[in-house]
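>>> sharing a model prediction with you, sequence too.
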Protein chains: 2
Amino acid sequence: MGRKRTKSGKIRLAEVAELAGVSPITASRFFRNPEALSVAKRTRVESAANELGYVPNLAARALASQRTEVIGVLIPSLTNNVFSDVLRGIYDAYEGSRYSIQLSNTRYSILQEERLLRLFLAQKPAGLIVTGIDQTTESRAMLEAADCPIVQIMEIGPNPVDMMIGFSHYDAARAAIAHLFAQGHRKIGFIGARMDPRVQRRLDGYVSAMKEADLFEQRLVVTTATPTSVTLGGTLFTDLLGREPGIDAVFCANDDLALGVLFECRRREIAIPEQIAIVGFNDLEFMASAVPTLTSVRTNRYEMGKTAATMLIEAIDGRRPEQPVLDLGFKVIERQSSSSRHQDSRPAASGGGAQNKMVALPSGHD
Amino acid sequence: MGRKRTKSGKIRLAEVAELAGVSPITASRFFRNPEALSVAKRTRVESAANELGYVPNLAARALASQRTEVIGVLIPSLTNNVFSDVLRGIYDAYEGSRYSIQLSNTRYSILQEERLLRLFLAQKPAGLIVTGIDQTTESRAMLEAADCPIVQIMEIGPNPVDMMIGFSHYDAARAAIAHLFAQGHRKIGFIGARMDPRVQRRLDGYVSAMKEADLFEQRLVVTTATPTSVTLGGTLFTDLLGREPGIDAVFCANDDLALGVLFECRRREIAIPEQIAIVGFNDLEFMASAVPTLTSVRTNRYEMGKTAATMLIEAIDGRRPEQPVLDLGFKVIERQSSSSRHQDSRPAASGGGAQNKMVALPSGHD
DNA sequence: GTCGTTGCTGGTAGCGCTGTCAACGATCCT
DNA sequence: AGGATCGTTGACAGCGCTACCAGCAACGAC
């Protein structure tokens, strides 16, 4: 009871209050809701805090207030370029806000995701960002029972838990195939790696487009559960050529694979796009400077992360978006690898909310 | 005072203790040091906790124990492949441990790093991982005053704050140039982007090697503060060719730039390696499957992250490594792009602790 | 002049857990 | 047998902050 000022050299709120000549609770309010103080006390507390170099104890705050200022982020991979762009957007959006990010890696396992979710929710996060729409039943139940805002990112689908931001991988794949059709290609192969739910939906889009044109054959599809890589692109393409030497185009489920195909074609002296056209997915930076330049489906990954984080913060602060489901769309960027005219960077088909407009959830494909 | 059992439906340690028929403090000990309990009580508490689905309140624990189980990680970039590999190693090492990771992005700014450090240290982290050895004086002082283990990663140098794990970028660059000399190259250009301290040291290594051979010329060096990209590799290479058309090799400060150079050469129909040899840095996955395959300096990024995290946890638990500075070394992976013999993947020079052995800090270059 | 009403401030009482120390029986040694 | 030691357990008192509610002055409406 008799303790006073710094007991172990560290500055507590009580010290700040004492220096400012106010009660601790008034000093506390200064940090949470400065407007509630009179201007005189506000400046007194502020200068006292600065003078002492006060930094609040987050653990004490969390314990007393029964909530944390932590945002949980669950992503499947730290390595994949796609997620690093999303993450960058998320971190950028939180810059300067009072929230901090707790990142965890599910390694593409929904069981791992469930385990992490349980851990996160026990600490009462201020909000949660989760990847995709394929949670376990248990995870889904926990998410719905959670009393914090939640954003699902990377794709859109029916029945959002709360908010959702992404685009239709299915439609994007269909647009890529439509582009190849428009260029006169018919025997179009598909190569995919990892085959997580989003890659699977790209495959579904490919299959549906091919079936509609009555061109689908199972042997045009080569996939593997192995994580993606450039080298793997070459391997899968070799496999595809072995099964069906007569293909005239390849749709790659991501750009790493597409680059691998490019190199494999070079190795085999296959002319691109004359003999085989290539279309990738994600439009990573290198696609535009490859030789030949590579067509890809551009996705707005950075914006996705940034917008998700922004929406989440707004929702935490009580300002829920009028439209909780946001389709960020995609755009087929036509380049030399699929253009008979050898032109560069002509935007072709696009879909969803490509102009970053808020749009209603398009009727899902399932 | 009169409260009892779940006040708001949530399970506290007190509930677990009550169900197990022990005092709260005994239940608390079960989670921190199970060996201190008799086997009978241990199993009783364990089953009670499982039955109730107890999850400890981390904020309360942190407040009461005056320490957190959070490891702070400060890295300059989330986008750069190099750091995502390191991060993956760090996250893998923490998997299953009781620590959690708090990641922050300094954006290559040592002032930002200082700000973040202040924030982190105020929360009494269990340990800290920081990138590089170029902190501000203020940051350095804070790190030295911190009462938690600290690992500096990515490079090694004199005067570690505490522990250190990395390799000599200077020596690695010298080895790359030595390799090019051995292949008969003399007019060797350097291209570099971002020019963070580690890239700068690679440049220093290049300069010293060239000067020793009396081959250095300022116009062979093209650098920019712009962040790296494949496209930028082509641009810088174009610039270099403009200044000195007679170059016979390029040492690229990273692999993205090298890939850009490869494409630019293809565009200009410059034969690799006959007309110009290319050497990259980091040995990213795609280097081995490019056409031609690209020589690079392999660095052990994943191991670096994993080992750093492991060392840190050990140190937190009181088992300090006998050798606090660990040189993970590098290896020049010779491939077609710099080999007159057109062979693939012949390891050439290597340096530092390339065999993952603990080695003493080699005498620094500065 | 009285009665709200508003704006600001402070006191009290914990949030859920753990550090410290004391107490206890059991075990060991001389 | 007596004392010392060890292993195990529990009581107490906070950790630093905030939720809640009460108090008080200033003000306006009637």
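Done, it's in.
>>> residue ranges with poor pLDDT in the stretch 201-350 of chain A?
A:341-350 (pLDDT under 70).
>>> now the helices for the stretch 101-250 of chain A?
A:110-122, A:137-145, A:169-182, A:197-212, A:230-243 (DSSP state H, counting those that start in this stretch).
>>> need those in TSV (columns: mean neighbour count and distance to chain B).
Glycine gets a C-beta too; all of them are placed from N, C-alpha and C. Formatted as TSV, the helices of the stretch 101-250 of chain A follow (neighbours: other Cβ atoms under 10 Å in any protein chain shown; distance: least, Cβ to the nearest Cβ, whole Å):
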stretch	mean neighbour count	distance to chain B
helix A:110-122	18	4
helix A:137-145	14	11
helix A:169-182	23	22
helix A:197-212	20	18
helix A:230-243	20	4
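>>> rebuild the ones you listed as a markdown table, extending it with distance to B:F263.
As requested, the helices of the stretch 101-250 of chain A are arranged in a markdown table below (distance: least, Cβ to Cβ, whole Å):
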| stretch | distance to B:F263 |
| --- | --- |
| helix A:110-122 | 38 |
| helix A:137-145 | 43 |
| helix A:169-182 | 23 |
| helix A:197-212 | 26 |
| helix A:230-243 | 14 |
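>>> which of those helices sits closest to DNA strand C?
helix A:110-122 (9.6 Å; Cβ to the nearest atom of the strand).
>>> state the distance from A:L87 to A:L312.
Counting by Cβ to Cβ, to the nearest Å, the separation of A:L87 from A:L312 is 14 Å.
>>> for the stretch 151-300 of chain A, give the residue positioned nearest to DNA strand D.
In the stretch 151-300 of chain A, the residue that lies nearest DNA strand D is A:D162 (22.8 Å; Cβ to the nearest atom of the strand).
>>> wait, that residue sits on A:R320?
No. If you go by Cβ atoms under 8 Å, A:D162 and A:R320 don't touch, sitting 9.1 Å apart.
>>> spit out the residues that contact the two alike.
A:P149 (Cβ atoms under 8 Å, 6 or more residues apart in numbering or on different chains).
>>> so between these two, which is more surrounded?
Higher neighbour count among A:D162 and A:R320: A:D162, with 21 against 14, using other Cβ atoms under 10 Å in any protein chain shown.
>>> strands of chain A, start to end?
With DSSP state E as the criterion, chain A has strands at A:70-75, A:100-105, A:127-131, A:150-155, A:163-167, A:188-192, A:221-223, A:249-252, A:277-279, A:296-299, A:325-327, A:330-334, A:346-351.
>>> need the winner for burial among those strands.
strand A:249-252 (a mean of 30; mean count of other Cβ atoms under 10 Å in any protein chain shown).
>>> what comes into contact with that one?
So strand A:249-252 is contacted by A:173, A:176-177, A:180, A:183, A:185, A:187-192, A:206, A:233, A:237, A:240, A:258, A:261, A:273, A:276-281, A:338 (Cβ under 8 Å, 6+ apart).
>>> cool, and stretch A:128-145?
Contacts for stretch A:128-145 (Cβ under 8 Å, 6+ apart): A:71-76, A:83, A:90, A:106, A:110-111, A:113-114, A:117-118, A:120-121, A:146, A:148-157, A:160-162, A:164, A:196-198, A:308-309, A:312.
>>> quickly list what the residue nearest to the residue of the stretch 151-300 of chain A closest to DNA strand D when sequence neighbours are not counted is bridged to.
Once flanking residues are discounted, A:D162 sits nearest to A:I150: 4.1 Å by Cβ to Cβ, 6 or more residues apart in numbering or on different chains. Assessed by DSSP bridges, A:I150 has beta-bridge partners A:L128.
>>> quick one: contacts for A:A288?
A:L294, A:I333, A:R335, A:S345, B:T231.
>>> before we move on, the earlier item: what about A:L87 and A:L312, which has more around it?
A:L312 (29 against 26).
>>> and the more buried one, what does it touch?
A:I71, A:G127, A:L128, A:I129, A:P149, A:I150, A:V151, A:M163.
>>> now do the residue of the stretch 151-300 of chain A closest to DNA strand D against B:I188, distance only.
57 Å.
>>> domains of chain A?
A:13-56, A:70-167+A:303-327, A:169-298+A:330-351 (automatic domain parsing).
>>> and of the ones you listed, who's closest to B:M287?
domain A:169-298+A:330-351 (8.9 Å; Cβ to Cβ).
>>> picking that back up, as TSV, the helices of the stretch 101-250 of chain A with distance to DNA strand D would be great.
Output for the helices of the stretch 101-250 of chain A, formatted as TSV (distance: least, Cβ to the nearest atom of the strand, whole Å):
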stretch	distance to DNA strand D
helix A:110-122	18
helix A:137-145	21
helix A:169-182	41
helix A:197-212	39
helix A:230-243	50
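>>> out of those helices, the one nearest B:S23 is which?
helix A:110-122 (23.2 Å).
>>> residues in the stretch 1-150 of chain A within reach of DNA strand C, list them.
With the criterion set to Cβ under 7 Å from any atom of the strand, the stretch 1-150 of chain A comes near DNA strand C through A:22-23, A:25-26, A:29, A:35-38, A:40-41, A:60, A:63-64, A:66.
>>> closest one of those residues to B:R267?
A:E35 (59.9 Å).
>>> the closest one: neighbouring residues, count only.
Around A:E35 there are 6 residues (other Cβ under 10 Å).
>>> select only the buried ones of the residues of the stretch 1-150 of chain A next to DNA strand C in ChimeraX?
The ChimeraX command for the buried members of those (criterion: 16 or more other Cβ atoms under 10 Å in any protein chain shown) is given here:
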select /A:22,26,29,37,41,63
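>>> which ones, among the residues of the stretch 1-150 of chain A next to DNA strand C, also lie beside chain B?
A:A60, A:L63 (Cβ under 8 Å from any Cβ of the partner chain).
>>> ok, and of the residues of the stretch 1-150 of chain A next to DNA strand C, which contact DNA strand D?
Checking those against DNA strand D (Cβ under 7 Å from any atom of the strand), the matches are A:I25, A:A60, A:L63, A:A64, A:Q66.
>>> give me the subset of those residues lying in helices.
Residues of those located in helices (DSSP state H): A:I25, A:A60, A:L63, A:A64.
>>> turn these into a markdown table, columns for distance to B:A249.
Converted to a markdown table, those look like this (distance: Cβ to Cβ, whole Å):
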| residue | distance to B:A249 |
| --- | --- |
| A:I25 | 69 |
| A:A60 | 60 |
| A:L63 | 61 |
| A:A64 | 64 |
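>>> now for those: which two are most distant?
Maximum distance among these (Cβ to Cβ): 16.3 Å, for A:I25 and A:L63.
>>> show me the contacts for the closest residue to A:T106 other than its chain neighbours.
Spatially, and ignoring its direct neighbours in sequence, A:T106 is nearest to A:E113 (4.2 Å; Cβ to Cβ, 6+ apart). Applying Cβ under 8 Å, 6+ apart to A:E113 gives the contacts A:L74, A:T106, A:V130, A:Q135, A:T136, A:S139.
>>> one more time with 10 Å
Residues near A:E113 by Cβ atoms under 10 Å, 6 or more residues apart in numbering or on different chains: A:74-76, A:104-107, A:130-132, A:134-136, A:139.
>>> for DNA strand D, what are the nearby residues on chain A?
A:1, A:3, A:7-8, A:10, A:12-14, A:24-25, A:28, A:31-32, A:56-57, A:60-61, A:63-66.
>>> buried ones among those?
Counted by 16+ other Cβ under 10 Å, the residues of chain A next to DNA strand D give A:R12, A:L13, A:A14, A:S28, A:F31, A:P56, A:N57, A:R61, A:L63 as buried.
>>> in helices only, show me the residues you listed.
Using DSSP H, those in helices are A:L13, A:A14, A:S28, A:F31, A:R61, A:L63.
>>> is it true that A:M163 touches A:Q323?
Yes. Using Cβ atoms under 10 Å, A:M163 makes contact with A:Q323 at a distance of 9.2 Å.
>>> what is in contact with the two at once?
Both A:M163 and A:Q323 are contacted by A:M311, under the criterion Cβ under 10 Å, 6+ apart.
>>> show me how far stretch A:324-341 is from its chain's centre.
Distance, stretch centre to chain centre, for stretch A:324-341: 18 Å (Cα atoms, centre = their mean, to the nearest Å).
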